[in-house]
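> how would this look folded up:
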Amino acid sequence: MNSAADMICRYFSNRLLPFLRIILPCLLLSAIAAAENDRKVVFRVLCLEHRDGITSARIDAGKDSGRFHEIILLTGNFTDDYKSSFADNTVRFHVADATKPDGRRLVAAGPLARGERQLFLLLPETDGSRPYRVFALDDDESVFPMGAVRVLNLCPAMIRLNLAGADMKPIEPGKVAVYPPVRQVDEWNMYQARIDFANAKGDWVPVSSPSWKASTQKRDLVITLLDPVSHYPRIASYKDLPPWHKPQLDKKNPPPRG
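Numbering: from 1, shown residues only. Presented below is the predicted three-dimensional model:
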């Protein structure tokens, strides 16, 4: 009987081993590809301006989880941290819509940035296909350190910053630049900034000359764009106090005692 059992085992082994040698590596590669395609990201959201009355939207909490994050679209500040996993390297925002087969409507989409911590900017979609588009930025401090200034140029022309009297490298349309903390400051840690836009002749035209405060307890995000009505450059700036720094900042700056 043992001999018959051995023959049966050898028979199936000879038949199965070639198949397993082929199928197992394929299954392993598929699993690796699926894992790479499903990215886990910690993110915050900032909405430039509300469109179509949409002031909140949903992001799936995970692939096929059935759960979602309901996110208030803040226009003057950054949201708290959220965590989710994203398929196809794409972030998608939805709203409830009973007229759709799956009960929801896509209102914004865009590719993920690099990094495990990101900022999702919701910007008006210029082609009218949906209310918003997503511009994702790597939010890690190795890319955007405390005290730095990050500038996103959404204008159709080049822009240039002058920080504390020094001209920075021009920023092409649709590009991002990060500038290190400014050291040439006055006794109040203030410095003069200037934002220039290139006109059709290629000349630099000053548009804004704000005074900015240099501090390693914050980061500054500046977005330049063209107003669709006036066709005049518009500048939006945001002071960024990352939530993962808030406990340390609160400890350094305790609230006044009553």
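
> Show me the strands in the stretch 1-150 of the chain, by range?
Applying DSSP state E, counting those that start in this stretch to the stretch 1-150 of the chain gives strands spanning 38-47, 56-60, 68-72, 82-87, 90-96, 104-111, 117-124, 132-138, 149-153.

> tell me which strands and helices the longest one is in contact with?
When you say that, I think you mean strand 38-47. Of the remaining helices and strands, those touching strand 38-47 by 3 or more Cβ pairs under 8 Å, 6 or more residues apart in numbering; DSSP states H and E are strand 82-87, strand 117-124. In this view, the C-beta of every residue, glycine as well, is placed from N, C-alpha and C.

> Looking at the ones you listed, which is nearest to residue 177?
strand 117-124 (15.3 Å; Cβ to Cβ).

> Output the contacting helices and strands for that closest one.
strand 38-47, strand 132-138.

> Tell me what angle the shortest one forms with strand 82-87.
Just to be clear, that refers to strand 132-138. With axes from the mean of the first three to the mean of the last three Cα atoms, to 10 degrees defining the directions, strand 132-138 sits at 100 degrees from strand 82-87.

> List the neighbouring strands of strand 132-138 plus their orientation.
strand 117-124 (antiparallel) (DSSP bridges).

> what angle do the partner strand and strand 38-47 make?
On the basis of the same axes, to 10 degrees, strand 117-124 is oriented at 50 degrees to strand 38-47.

> Just want the angle from strand 117-124 to strand 104-111.
120 degrees.

> what does strand 117-124 rub up against?
Contact with strand 117-124 is made by 41-49, 51, 73, 78, 91, 93, 108, 110, 112, 131-140, 152, 154, 223, as judged by Cβ atoms under 8 Å, 6 or more residues apart in numbering.
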